[in-house]
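In: My questions are about this predicted structure, shown below with the sequence.
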Amino acid sequence: MDPLHLPQFKKNAKEENAKLVFVDEASFRQSPTLHETWAPVNHQPAILSKGQRNTQKIFGAVELYSADFLYRHREDSFNHETYMEFLDDIVGHYYKRAKRIFLIQDNASYHKKPEVQDWFTCNRKYIEYFNLPPYYPELNATERIWWYTRKHATHNRYFDTKKDLCDALFMTFDTIKNSSDSIKGLLKPFY
């Protein structure tokens, strides 16, 4: 499909009473990430690190107006097969609440695989997809979820094990799912 024309897809979704769902993927490393924080002058905060290269991969989707968040954890890499599994999750989760789903996705290479295009063709009754323009992550509302997660779960924190990292991520995701008001303000610029 052609790159997304923002005002038009919102108008079309409203006319069809469709759900606007943004989808994205993110990787969260077990090694600590230093981020802005308060500290005494000339005393940089120190965070323990074992130098792990362990990364947890997460697919995420957020419905724009309700802030209804859905995610899927992946141990392996992102690819067209794992993306189609997540698309099945999206249809199962959001379709029962709407007549159709308007899915807004970025330009990851596996989104353009013939198998993914075939999946969209087979499911066009339920879901219509739109591609964001290349290199514009700021147009994807799910990026706000990743920002919130890093701020509240991973920045300036040490995770001794992979399980510790996953627990922090899942606890933050559960907070988002159970208290959508906590992120509605982050999504307002996309309204």
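Out: Perfect, thanks for sending it.
In: C-alpha only now, for contacts and for neighbours.
Out: Noted.
In: Mind checking the pLDDT average for the longest helix along the chain?
Out: The helix that spans the most residues within the chain, counting by DSSP state H, is helix 162-178. Mean pLDDT, helix 162-178: 94.
In: how far away is residue 14 from residue 159?
Out: Going from residue 14 to residue 159 by Cα to Cα, to the nearest Å gives 43 Å.
In: Settle it for me: which of these two has more neighbours?
Out: Just comparing residue 14 and residue 159: by other Cα atoms under 10 Å the higher neighbour count belongs to residue 159, 20 against 12.
In: Quick check: chain neighbours aside, which residue is closest to the more buried one?
Out: Nearest non-adjacent residue to residue 159, counting by Cα to Cα, 6 or more residues apart in numbering: residue 165, 5.6 Å away.
In: Look up how far residue 26 lies from that neighbour.
Out: Distance, residue 165 to residue 26, using Cα to Cα: 14 Å.
In: More neighbours: these two, which one.
Out: The neighbour comparison of residue 165 against residue 26 (other Cα under 10 Å) goes to residue 165, with 23 against 17.
In: What residues of stretch 181-191 count as buried?
Out: If you call a residue buried by 16 or more other Cα atoms under 10 Å, then stretch 181-191 has these buried ones: 183, 184, 186, 187.
In: And for stretch 133-148?
Out: Neighbour-count burial for stretch 133-148, counted by 16+ other Cα under 10 Å, picks out 137, 139, 140, 141, 142, 143, 144, 145, 146, 148.
In: what helix or strand is the last one on?
Out: Here residue 148 is covered by helix 142-149, with elements defined by DSSP states H and E.
In: Quick check: mean pLDDT of that helix?
Out: Average pLDDT, helix 142-149: 96.
In: Would you map the helices across the protein?
Out: Counting by DSSP H, the helices of the chain are 6-16, 80-94, 114-122, 142-149, 162-178, 181-187.
In: Quick one, which of the ones you listed gets closest to residue 56.
Out: With Cα to Cα as the criterion, residue 56 lies closest to helix 162-178 of the helices of the chain, at 7.4 Å.
In: Please export the C-alpha coordinates of that closest one as CSV.
Out: The C-alpha coordinates for helix 162-178 follow below in CSV (Å, rounded to 0.1, in the frame of the first residue of the first chain):
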residue,chain,number,x,y,z
LYS,A,162,16.8,-12.5,31.9
LYS,A,163,13.9,-13.3,34.2
ASP,A,164,14.4,-10.1,36.1
LEU,A,165,14.2,-8.1,32.9
CYS,A,166,11.1,-9.9,31.7
ASP,A,167,9.4,-9.5,35.1
ALA,A,168,10.0,-5.7,34.9
LEU,A,169,8.7,-5.5,31.3
PHE,A,170,5.6,-7.6,31.9
MET,A,171,4.8,-5.7,35.1
THR,A,172,4.9,-2.4,33.2
PHE,A,173,2.9,-3.9,30.3
ASP,A,174,0.3,-5.2,32.8
THR,A,175,0.1,-1.7,34.3
ILE,A,176,-0.5,-0.2,30.9
LYS,A,177,-3.2,-2.9,30.1
ASN,A,178,-5.0,-2.5,33.4
